[in-house]
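Peer 1: Test case, fold it:
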Amino acid sequence: MIGRLMVGFSLAVLPASVAVAQGAAHTPSNTIVDVAIGAGKFKTLVAAVQAAGLVETLKGAGPFTVFAPTDEAFAKLPPGTVEALLKDKAKLAAVLTYHVVSGAVGSDQVVKLKSAKTVNGKDVSIMVMNGKVMVGNAHVITTDIQASNGVIHVIDAVLLP
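Peer 2: Below is the predicted model:
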């Protein structure tokens, strides 16, 4: 399912909870990683997740909420930043886990938060200004993209802890 492009931040959203298939021999399909790959606009994010060794985690049961920067968001970083991060697995993992929150947090819940505890242990600020949601320094541009193990909200900048 594809989230809708925001012209503000709609409070009329899809349900945030997603039933996750569980079982020792069954891996849920349509995980956050699968959805990101299928979208085609998260190539840098997917490559970074692979380089950091986080694919299996983000294909796990979750649920997770991922604030996913697009390829355009990564392109806004200073020259050499992505390459440097790809060479430093620990720093890369810290940056990527700063984009992930435990639990499936739908946009209807995000707009009520002032901050959220990320998987890397640090809080990221959240605020609503003029009907638009900001997570850290990034605008949320698409909300509530459902995956079998959580939800993705698309952002227009990379969050740096």
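Peer 1: got the contact list for the residue positioned nearest the centre of the chain?
Peer 2: In the chain, the centroid-proximal residue (Cα atoms, centre = their mean) is residue 66; its distance is 2.1 Å. Neighbouring residues of residue 66 by Cβ atoms under 8 Å, 6 or more residues apart in numbering: 32, 36, 58, 99-101, 150-153. No exception for glycine: its C-beta is placed from N, CA and C like everyone else's.
Peer 1: Could you double-check that residue 69 lies in contact with residue 153?
Peer 2: No. Look at residue 69 against residue 153 with Cβ atoms under 8 Å: they stay out of range, at 10.6 Å.
Peer 1: The residue nearest to the centre of the chain: which element?
Peer 2: Element membership for residue 66, per DSSP states H and E: strand 64-69.
Peer 1: what about that strand, average pLDDT?
Peer 2: The average pLDDT for strand 64-69 rounds to 97.
Peer 1: go on, stretch 104-117?
Peer 2: 95.
Peer 1: Give me the residue ranges of the chain where confidence is low.
Peer 2: 1-28 (pLDDT under 70).
Peer 1: 80 instead, please
Peer 2: Across the chain, the ranges flagged by pLDDT under 80 are 1-29.
Peer 1: So which of the contacts of residue 66 is the closest to residue 51?
Peer 2: Ranked by distance to residue 51 (Cβ to Cβ), the contacts of residue 66 are led by residue 58 at 13.1 Å.
Peer 1: I'd guessed that closest one sits against residue 64; true?
Peer 2: Yes. Counting by Cβ under 8 Å, residue 64 is a contact partner of residue 58 at 6.6 Å.
Peer 1: Next, the buried residues of the strand holding residue 66.
Peer 2: For strand 64-69, the neighbour count (16 or more other Cβ atoms under 10 Å) marks 64-69 as buried.
Peer 1: Give me the distance between the residue nearest to the centre of the chain and residue 83.
Peer 2: Between residue 66 and residue 83 the computed distance is 23 Å (Cβ to Cβ, to the nearest Å).
Peer 1: ditto for residue 32
Peer 2: Noted for residue 32: a distance of 24 Å to residue 83, by Cβ to Cβ.
Peer 1: Between the two, tell me which one has more neighbours.
Peer 2: Shown here are residue 32 and residue 83; by other Cβ atoms under 10 Å, residue 32 has more neighbours (27 against 8).
Peer 1: contacting residues for that one?
Peer 2: Each residue near residue 32 by Cβ under 8 Å, 6+ apart is listed here: 58-59, 62, 64, 66, 147, 149-150, 152.
Peer 1: Pull the biggest strand by length in the chain out as CSV, backbone CA atoms only.
Peer 2: Using DSSP state E, we find that the single longest strand of the chain is strand 138-147. Taking C-alpha atoms only, strand 138-147 is exported to CSV below (Å, rounded to 0.1, in the frame of the first residue of the first chain):
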residue,chain,number,x,y,z
ALA,A,138,13.2,16.7,8.2
HIS,A,139,9.7,17.3,6.9
VAL,A,140,7.4,14.3,6.7
ILE,A,141,6.3,14.1,3.1
THR,A,142,4.4,10.8,2.9
THR,A,143,2.8,9.0,5.8
ASP,A,144,1.6,5.6,6.9
ILE,A,145,3.1,3.3,4.3
GLN,A,146,2.2,-0.1,5.7
ALA,A,147,4.6,-3.0,5.9
